[in-house]
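# Below is the structure, and that's it, no one-letter string:
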């Protein structure tokens, strides 16, 4: 499934870098997809957002909140490097019998 398939139509995405720079919120599936597309096209390396230690903080029949640590890696010139660490807070909504991302917050420890 693609990113478009896991976002709610009214999803929001906010990025905070080192508690100093906030980008967003980007509101709506099209705005989020544009953000990701533009960022990906501007990168000259292959990046991976590795999410670890995922924990469900709360859940009911309609919503769930998940926390996860982030390790953002880059593979450039045949070498892998950690660019930054941080965390994700993901709010999921049960929409049409499927869980979709309604709100995404990314906190990065330093600028990429």
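Happy to help now that I have it. It should be emphasised that the depicted structure is a prediction, and the values quoted were computed from it without experimental measurement.

# Quick check: buried residues in the biggest helix by length in the chain?
Longest helix in the chain, counting residues (DSSP state H): helix 29-42. Neighbour counts over helix 29-42 (16 or more other C-beta atoms under 10 Å) mark 29, 32, 33 as buried. Quick note: C-beta positions are derived from backbone N, CA and C, even for glycine.

# next structured bit after the host helix or strand of residue 80?
Using DSSP states H and E, residue 80 falls within strand 79-95. Next along the chain after strand 79-95, taking DSSP H and E as the criterion, comes strand 98-108.

# Could you list every helix and strand in contact with that following strand?
Using 3 or more C-beta pairs under 8 Å, 6 or more residues apart in numbering; DSSP states H and E, the elements in contact with strand 98-108 are strand 7-17, strand 63-76, strand 79-95.

# Just the angle for the strand holding residue 80 relative to strand 98-108, thanks.
140 degrees (axes from the mean of the first three to the mean of the last three C-alpha atoms, to 10 degrees).

# Quick check: buried residues in strand 79-95?
83, 84, 86, 87, 88, 90, 91, 92, 93.

# List the residues that contact the residue lying closest to the fourth one once chain neighbours are set aside.
So that's residue 87. By the measure of C-beta to C-beta, 6 or more residues apart in numbering, the closest residue to residue 87 outside its immediate chain neighbours is residue 107, 5.1 Å from it. Residues near residue 107 by C-beta atoms under 8 Å, 6 or more residues apart in numbering: 16, 19, 86, 87, 88, 89.

# what's the farthest-apart pair in the residues you listed?
Farthest pair in the contacts of residue 107 (C-beta to C-beta) is 19 and 88. Separation: 15.7 Å.

# circling back: can you list contacts of the strand holding residue 80?
Contacts to strand 79-95, defined as C-beta under 8 Å, 6+ apart, come from residues 8, 47, 51, 61-74, 99-112.
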